[in-house]
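**Student:** I need the structure of the sequence given here:
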Amino acid sequence: MENISLIGFMGTGKSSVGKLLASRLGFSFTDLDAEIEIKCNMTIPEIFDRYGEEYFREREKEILKDVVSRKNTVIATGGGAVKDAENLSLLKKSGFVIALTASAEVIYERTVREGERPLLDNATETERKQRIVDMLEERKKFYEQADYTIDTGELSPMQVADDIAKFVKVRRS
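**Tutor:** Next comes the predicted model:
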């Protein structure tokens with residue numbers, strides 16, 4: 001059996017949907033950002049503050065290589081993991097890649113708390129909203145390479161997990 005990798009912008013529900021989907025399918029669940037925090041022994045914001053985004057992306061790639069070698073795993077990636085072509089290729093080779101999307105407005109509402117989103121923190125409301133729009137546009141071409149895309153804006157995490165489970169069932173049969 002293959003893995004199922006969830007890609008998409010921060011705040012689209014990758015972690016919450018991933019846990020539900022894994023439970024429903026009898027898979028294990030791995031949150032790539034959580035794995036990075038464990039291996040680096042610091043939070044993502046601390047990694048960004050201390051070493052910068054490039055260092056973070058290097059750790060992300062090396063840990064992803066280990067994660068995709070697992071089987072029957074739902075993998076929730078960080079929002080920018082697919083900006084690296086090798087990362088996207090690794091995910092595609094390991095199974096289905098599912099993109100979770102939402103509008104910039106929905107993402108803003110879901111990510112409004114500071115201290116958890118290094119690429120959005122320390123910005124005014126207007127700057128934060130513009131960063132979301134800009135980053136969504138920059139990453140769109142990567143997210144479009146998914147095997148399946150679902151807009152999570154109006155759906156509960158359970159509805160999204162159910163939809164993905166149906167897609168996987170059809171594609172496997």
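**Student:** Low-confidence regions, this protein specifically.
**Tutor:** Low-confidence segments of the chain, defined by pLDDT under 70, span residues 1, 113-122.
**Student:** could you show me where the helices are in it, in order?
**Tutor:** Along the chain, the segments classed as helices by DSSP state H run 14-25, 32-40, 44-51, 53-67, 85-94, 104-110, 125-143, 157-172.
**Student:** Flag every buried residue along the first one.
**Tutor:** Just to be clear, that refers to helix 14-25. The neighbour-count check on helix 14-25 (16 or more other C-beta atoms under 10 Å) flags Lys14, Ser15, Ser16, Val17, Gly18, Lys19, Leu20, Leu21, Ala22, Leu25 as buried. (C-beta placed from N, C-alpha, C; glycine too.)
**Student:** would you put the C-alpha positions of that helix in PDB?
**Tutor:** Taking Å, rounded to 0.1, in the frame of the first residue of the first chain, the C-alpha atoms of helix 14-25 are listed here in PDB:
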ATOM      1  CA  LYS A  14      -3.200  19.200   6.700                       C
ATOM      2  CA  SER A  15      -2.600  18.100  10.300                       C
ATOM      3  CA  SER A  16      -6.200  17.800  11.500                       C
ATOM      4  CA  VAL A  17      -7.300  16.100   8.300                       C
ATOM      5  CA  GLY A  18      -4.300  13.900   8.300                       C
ATOM      6  CA  LYS A  19      -5.000  12.500  11.700                       C
ATOM      7  CA  LEU A  20      -8.600  11.700  10.900                       C
ATOM      8  CA  LEU A  21      -7.700  10.200   7.500                       C
ATOM      9  CA  ALA A  22      -5.000   8.000   9.000                       C
ATOM     10  CA  SER A  23      -7.400   6.800  11.600                       C
ATOM     11  CA  ARG A  24     -10.100   6.000   9.100                       C
ATOM     12  CA  LEU A  25      -7.700   4.100   6.800                       C
END
